[in-house]
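K.L.:
Got a predicted model here, sequence first, then my questions.
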Amino acid sequence: MALINKDRIEKLKSKASDLLNRTIDQHVTLAVTGLSRSGKTAFITSLTNQLINEGNNSQLSFFTPVHQGQFIAAKRIPQKNIHITRFDYDNSMAAFVNQPPSWPEPTHGISELRIAIRYKPKDSFLKYATDMATLTIDITDYPGEWLLDLPMLNQTFEEWSQQTVDLLLTSPRAELSRDFIEKVRTIDPFQVVDESLMAKLAQEYTELLHRFRNDLGLSVIQPGRFILPGELAGAPILEFIPFANFSELDANEYQNASDDTFIGMLRSRYVEYKERVVRKFYQQHFLKFDRQIVLADCLSPLNKGPESFADLKQAISMILESYSYGQSSLFSRLFSPKIDKLLFAATKADHVTQDQHGNMVSLLNELIYQSKHQLNYDAIKMKTLAIASVKATASGKSLHQGQQVPVIQGRRTSDDKTITVFPGSVPKKLPNADYWKESHFNFINFEPQQSISAHECLPHIRMDQVLQFLLGDKMK
Ligand SMILES: Nc1nc2c(ncn2[C@@H]2O[C@H](COP(=O)(O)OP(=O)(O)OP(=O)(O)O)[C@@H](O)[C@H]2O)c(=O)[nH]1
Ligand SMILES: [Mg+2]
């Protein structure tokens with residue numbers, strides 16, 4: 001008798017579970033962004049690796065479902081949007097598995113990955129119906145540079161040109177830009193345009209943007225798609241430039257210029273770019289994200305100097321416009337937002353000693369909260385963490401002038417030598433002029449530590465806190 005009852009209860013449970021699995025939201029869309037080289041690929045690879053290899057050398061004690069024994073297993077499953085590039089997890093992992101291990105190659109554009117996590121619900125009302133639940137996670141990797149374009153949606157071609165040319169003619173960009181601006185000034189804006197001239201100028205402008213990023217370490221790059229075109233590489237929609245001579249144009253003549261003139265083509269391509277590229281990205285992707293991780297590498301700009309750091313501050317402020325949900329914000333006026341959690345992560349924390357992690361968090365918080373955009377704390381839950389997706393150094397202590405000082409040890413990228421250093425202090429606040437005069441940073445690039453097998457967990461710093469913030473509440 002007792003057996004029959006148990007059987008019936010199990011059947012009822014399974015029926016109820018089927019029903020609930022169909023009706024209860026057990027799905028989350030995580031978007032990962034950051035400027036190029038900020039650590040997006042390493043982050044997604046590590047996050048996936050920690051989940052699918054949980055139990056095999058994993059260190060996730062701050063992730064409650066693991067800590068409380070609710071976590072059963074996770075696996076990669078086919079992604080939802082099959083028209084979007086697959087995030088190449090296997091290839092990225094291969095870099096860490098190789099002997100000697102290396103970092104994954106740079107990526108371009110948007111990619112996706114889907115993971116299913118099986119867990120035992122504990123607190124939520126799911127536990128009355130089922131012994132096991134599944135949380136499906138869609139992860140999207142996209143360039144932070146694409147968010148730098150949001151303000152363009154609110155600007156005419158004339159406004160954008162003037163702002164961009166002002167920026168180009170200001171230090172530190174002026175030196176590199178002068179010749180290009182002079183060249184643009186010699187062109188008759190009302191001449192019938194030769195498309196190959198337009199393509200050539202756009203190419204020169206794109207090269208300038210690459211030099212700002214790579215040679216000067218600058219972050220404000222606009223239009224963002226020019227350096228990271230994704231599937232639009234070579235398309236004429238990316239072939240326009242800011243016009244340098246608006247003050248000398250007759251307003252009427254400009255208004256009436258047809259699309260086959262130089263200025264007319266610039267204007268029409270700019271408008272098309274805003275609608276078909278910028279707005280489309282927000283509509284097709286951004287508005288579908290539930291949760292967002294913004295990765296920021298604050299250490300490289302600190303190494304490069306004050307101009308690079310000031311530019312990072314400006315870029316972060318521009319990126320934050322996309323999360324500024326106040327009624328008067330540009331974003332809320334254009335779109336209806338959905339994101340409920342926003343994680344800011346200062347990446348590559350293994351480049352500095354552990355005692356500096358608190359300063360990394362304070363510094364990133366200063367960059368975020370001093371921005372002119374008020375983030376709406378009620379609508380979005382936010383957190384800042386200093387992390388290393390893949391820890392490439394070991395920490396220890398060394399005797400220096402009779403005192404124990406914290407140090408890190410790792411395999412230096414430039415010469416593959418194992419070195420032990422104190423790389424310097426991270427400023428707690430936005431550094432001022434005196435700070436730049438006195439301080440010398442020496443943040444060194446390291447290669448990953450010893451290689452691991454593809455089914456082992458990567459060493460990390462605070463990836464468990466990342467998982468707890470992003471997924472913990474969905475797995476109760
Ligand atoms: N030490 C250390 N270095 C890291 C870490 N994450 C990233 N890096 C370094 O930063 C570089 C860029 O990391 P990626 O993950 O490729 O960055 P990304 O944002 O995907 O770059 P793009 O694909 O070019 O946009 C790597 O090649 C490493 O040198 C980390 O956790 N620790
Ligand atoms: Mg990448």
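P.N.:
Structure's in. What do you need? Ligands and ions are numbered 1, 2, ... in the order given.
K.L.:
gap between the closest residue to residue 81 other than its chain neighbours and residue 136?
P.N.:
Leaving out its chain neighbours, the residue that sits closest to residue 81 by C-beta to C-beta, 6 or more residues apart in numbering is residue 112, at 5.9 Å. Any C-beta I mention is one placed from the backbone N, CA and C, and that applies to glycine too. To residue 136, residue 112 is 13 Å away according to C-beta to C-beta, to the nearest Å.
K.L.:
more crowded one of those two?
P.N.:
When residue 112 and residue 136 are compared for neighbours, residue 112 comes out ahead with 21 against 14, by other C-beta atoms under 10 Å.
K.L.:
Tell me what whichever residue of the stretch 251-400 of the chain sits closest to ligand 2 is bridged to.
P.N.:
Proximity of the stretch 251-400 of the chain to ligand 2 (C-beta to the ion) peaks at residue 295, 10.1 Å away. Going by DSSP bridges, residue 295 is paired in beta bridges with residue 34, residue 345.
K.L.:
My read is that it contacts residue 32, right?
P.N.:
Yes - the pair residue 295 / residue 32 is scored as a contact, 6.9 Å apart, by C-beta atoms under 8 Å.
K.L.:
Contacts only, for the residue of the stretch 251-400 of the chain closest to ligand 2.
P.N.:
Going by C-beta atoms under 8 Å, 6 or more residues apart in numbering, residue 295 touches 32-34, 38-40, 43, 144, 345, 347.
K.L.:
ok, now with 6 Å
P.N.:
34, 38-40, 345, 347 (C-beta atoms under 6 Å, 6 or more residues apart in numbering).
K.L.:
Which one (most neighbours) among the residues you listed?
P.N.:
That'd be residue 345 among those, by other C-beta under 10 Å, with 31 neighbours.
K.L.:
per-residue pLDDT, that one?
P.N.:
On pLDDT, residue 345 comes in at 98.
K.L.:
That one contacts residue 385, correct?
P.N.:
Yes - contact criterion C-beta atoms under 6 Å: residue 345 and residue 385 qualify, at 5.2 Å.
K.L.:
Tell me how many other residues surround residue 251.
P.N.:
Neighbours of residue 251 (other C-beta under 10 Å): 9.
K.L.:
Please report how far it lies from residue 263.
P.N.:
12 Å.
K.L.:
same check, this time on residue 140
P.N.:
In terms of C-beta to C-beta, residue 140 sits 37 Å off from residue 263.
K.L.:
Then residue 152?
P.N.:
With C-beta to C-beta as the criterion, residue 152 and residue 263 are 18 Å apart.
K.L.:
Those two: which is more packed in?
P.N.:
Under the criterion of other C-beta under 10 Å, the comparison of residue 152 against residue 263 puts residue 263 first, with 25 against 22.
K.L.:
Now do the contacts for the more buried one.
P.N.:
With C-beta under 6 Å, 6+ apart, residue 263 has these contacts: 189, 257.
K.L.:
now with 10 Å?
P.N.:
157-158, 161, 187-191, 193, 243, 245-246, 249, 253-254, 257 (C-beta atoms under 10 Å, 6 or more residues apart in numbering).
K.L.:
Tell me which two of the residues you listed sit farthest apart.
P.N.:
For the contacts of residue 263, the maximum inter-member distance is 18.9 Å, found between 158 and 191 (C-beta to C-beta).
K.L.:
which residues in the stretch 101-250 of the chain form helices?
P.N.:
For the stretch 101-250 of the chain, the helices defined by DSSP state H, counting those that start in this stretch cover 157-168, 174-185, 195-214, 224-227.
K.L.:
Reformat those helices as a markdown table; add mean neighbour count and distance to ligand 2.
P.N.:
Formatted as a markdown table, the helices of the stretch 101-250 of the chain follow (neighbours: other C-beta atoms under 10 Å; distance: least, C-beta to the ion, whole Å):
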| stretch | mean neighbour count | distance to ligand 2 |
| --- | --- | --- |
| helix 157-168 | 18 | 26 |
| helix 174-185 | 14 | 26 |
| helix 195-214 | 16 | 14 |
| helix 224-227 | 24 | 13 |
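K.L.:
Can you say which of those is nearest to residue 117?
P.N.:
helix 224-227 (32.6 Å).
K.L.:
tell me the domain boundaries of the protein?
P.N.:
Using automatic domain parsing, the domain ranges for the chain come out as 11-142+288-392+450-475, 147-284, 394-426+436-447.
K.L.:
what pLDDT, on average, does stretch 136-147 get?
P.N.:
96.
K.L.:
Which positions in it come out as buried?
P.N.:
For stretch 136-147, a neighbour-count test (16 or more other C-beta atoms under 10 Å) marks 137-147 as buried.
K.L.:
now swap in stretch 337-357 and tell me
P.N.:
So, applying 16+ other C-beta under 10 Å, buried residues of stretch 337-357: 337, 339, 341-353, 356-357.
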